[in-house]
Structures are given as C-alpha cells and as structure tokens.
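[1] Sequence below, structure please.
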Amino acid sequence: MKKLLLLSLTILSITINAQSVKLTFPTEQNPKLTGQYIVIASKGTAQENYQKVIEYINATYENPSKVIKSDLAGKYVRMEAYTSTLYRNIGFDLDGTYQLEFNFRQDKIKITYISSNNGTNDLNFTYSDLYKKNGKPKKQIIKYNTAVVDGLNIVIGEIATELKKEKTEDDW
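    Got it, this is the predicted structure:
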C-alpha cells in the first residue's frame, strides 16, 4: 500500500512539473495566466537562439524597433506586438496587443506570457476573477477568457513554429 501511494505521488509530481506546450486556463492550483511559459527546442547556442528571435521580429513586424521593448543580447528579449486576431468572441476576430518575453539557453528558447490588452481592457485575469463570491462560475467571463487563452496559444504557437524551423540556404 505504501509503495502504491509513493508511486502515485511520484507520478503526480512528474505530471505537475511537466513542461506545458501551451498556456493553460487558470485553475486553483495555477491561478494566473501572467507568467506562464513554454519552452521550445531550438538547436543552437543561447546567442544563436537570441539571433533567431531578433531575425524573426525584424522579418515579421512592420516596426521591429517599436516591437522590441527590452533587449539584453544573448540572454533576453521582451516584445509587445499588435495582432488583428488576438482572440475570437461571438464569431468575430478581435484585435489586441500582447507582450512576451524570450529567454535563451543552449538548444532552448523560453517564451513567457507577460500581458495582453484589447485596447479597453487588460486581459490578464486570474482564477478568482472567474467566480462569484458564492463560488458560482461567471459563465460569460469564462467563455470570453477561454477565447483569450486560445487566441494567445495560436499566436505563441505560430511564433514557436517559426523559431523551430532550421535555416536553409537558397541556391542561386
């Protein structure tokens, strides 16, 4: 019985500590969206991975110098960008800004979600924002914020896909 309990606790702790491949909807155990991160495998040194992010930003955004909010060569990049399809609500694509932070290690890039905003509202909600004082869920708020998390995962997923790509030399 003790062995079974120990095995169950070990498996549970491994599952809890497993790296997520996308942001998750806030829960009682993980109550905040802000600060969640994913780690992607990206072959190269920290400096090479840093350069991939800089090149991605320069190639993707119209004003890369305005997108990059903070930059420490080879270690860290913080960006804030606008997208016309941040999330979908009641069948419509809605726009907004999002802020991400990139950290670099050998063969890894960590992408951390910092914040997002739709122009009128801060979209950084917590688990407690989703429930009334009596414990009942705020159904419309949950539905809306689920769309926000899904939209952020699409944006981060697209960035991660581009950063994972191996560079190929064009033959002239």
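[2] Quick check, central residue of this structure?
    The centroid of the chain falls nearest to residue 113 when counting by C-alpha atoms, centre = their mean (4.3 Å).
[3] how much space between that residue and residue 101?
    For residue 113, the distance to residue 101 equals 8 Å [C-beta to C-beta, to the nearest Å]. Using the backbone N, CA and C atoms, a C-beta is placed for each residue, glycine as well.
[4] Equivalent analysis for residue 39, please.
    Relative to residue 101, and taking C-beta to C-beta, residue 39 is found at 13 Å.
[5] coming back round to it: correct me if wrong, but the residue nearest to the centre of the chain is in a helix.
    No. Residue 113: not assigned to a helix; according to DSSP: H, G, I helix; E, B strand; the rest coil it is strand.
[6] Contacts for stretch 102-109, please.
    With C-beta atoms under 8 Å, 6 or more residues apart in numbering as the test, stretch 102-109 has contacts from 39-47, 49-50, 52-53, 74-79, 110-112, 163.
[7] Name the residues of that stretch that are buried.
    Buried positions in stretch 102-109, judged by neighbour count with 16 or more other C-beta atoms under 10 Å: 102-104, 109.
[8] Help me confirm that residue 58 comes into contact with residue 65.
    No. Residue 58 lies out of contact with residue 65 (C-beta atoms under 8 Å); the separation is 9.2 Å.
[9] higher neighbour count, the two?
    Neighbour count, other C-beta atoms under 10 Å: between residue 58 and residue 65, residue 58 has more, with 12 against 8.
[10] Could you tell me which residues within the helix or strand hosting that one count as buried?
    Per DSSP states H and E: residue 58 is located in helix 46-60. The neighbour-count check on helix 46-60 (16+ other C-beta under 10 Å) flags 46, 49-50, 52-54, 56-57 as buried.
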